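Asker: the amino acid sequence is not available; the structure is as follows:
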């Protein structure tokens, strides 16, 4: 009996170690697959397509600048900036942007409630319903855009969502695995994406 127990325990340890090794290898392979084709370009025809609204998730000046440029160019009726710090006004945001005419102030609305992507999506969905809008252009950084698209599809399943990825100025993509900051950023984002993908799969099954 003792020998049987020892063999069983050893077998369990071997199986557990092998499963962990396979999981780590699969995660690394998934990370490479996730990071290598990082979206840098706007999808075909999306650049000229018009939407009801433009949505910018705060966190980078390039996002806001792109959102304001798109609004100025007539790509949408309104710009919704979600996740803004309390006390920040539209005039201040316009002051941070280049070539932003004051006439745009009437077409920009701010959300102060959202503190993460899930809340960004929920607040945007609520705003879209209030406005009676059915299509948005989502302006955010390229590395989390896959995850954020899933969150927005769950929050606003009836809306047409066009991704508008922006490459952050300080993000090193070429040879990212040699750059500690980029490696941590991609690894963290990939893990978040896996969790969101599972939630999205369960969401689809429940519909």
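Answerer: Okay, I see it. Quick caveat: nothing in here was measured; it's all calculated off a predicted structure.
Asker: switch to C-alpha atoms for all contacts and neighbour counts from now on
Answerer: Noted.
Asker: distance between the helix or strand of the chain with the lowest mean pLDDT and the chain's centre?
Answerer: Lowest on mean pLDDT, DSSP states H and E among the helices and strands of the chain sits helix 2-35, with a mean of 78. Distance of helix 2-35 from its chain centroid, counting by Cα atoms, centre = their mean, to the nearest Å, is 32 Å.
Asker: direction included, what does whichever helix or strand comes after that helix pair up with?
Answerer: The first helix or strand that comes after helix 2-35 along the chain, using DSSP states H and E, is strand 53-57. When sheet partners are counted by DSSP bridges, strand 53-57 sits next to strand 78-82 (parallel), strand 135-141 (parallel).
Asker: among the ones you listed, which comes closest to residue 52?
Answerer: strand 135-141 (5.3 Å; Cα to Cα).
Asker: for residue 69, which non-adjacent residue is spatially closest?
Answerer: Distance criterion Cα to Cα, 6 or more residues apart in numbering; nearest residue to residue 69, sequence neighbours excluded, is residue 100 at 7.6 Å.
Asker: how far away is that neighbour from residue 67?
Answerer: The span separating residue 100 from residue 67 equals 11 Å under the rule Cα to Cα, to the nearest Å.
Asker: still on that earlier bit, list the buried residues of the least confident helix or strand of the chain.
Answerer: If you call a residue buried by 16 or more other Cα atoms under 10 Å, then helix 2-35 has these buried ones: 27, 31-32, 34-35.
Asker: what does stretch 63-73 give?
Answerer: Within stretch 63-73, the residues that count as buried by 16+ other Cα under 10 Å are 63-72.
Asker: same list (these) but as a markdown table, adding secondary structure, pLDDT and distance to residue 169.
Answerer: Shown next, in a markdown table, are these (DSSP: H, G, I helix; E, B strand; the rest coil; pLDDT from 0 to 100; distance: Cα to Cα, whole Å):
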| residue | secondary structure | pLDDT | distance to residue 169 |
| --- | --- | --- | --- |
| 63 | helix | 89 | 11 |
| 64 | helix | 90 | 13 |
| 65 | helix | 90 | 13 |
| 66 | helix | 91 | 13 |
| 67 | helix | 93 | 16 |
| 68 | helix | 92 | 18 |
| 69 | helix | 91 | 17 |
| 70 | helix | 93 | 19 |
| 71 | helix | 93 | 22 |
| 72 | helix | 91 | 22 |
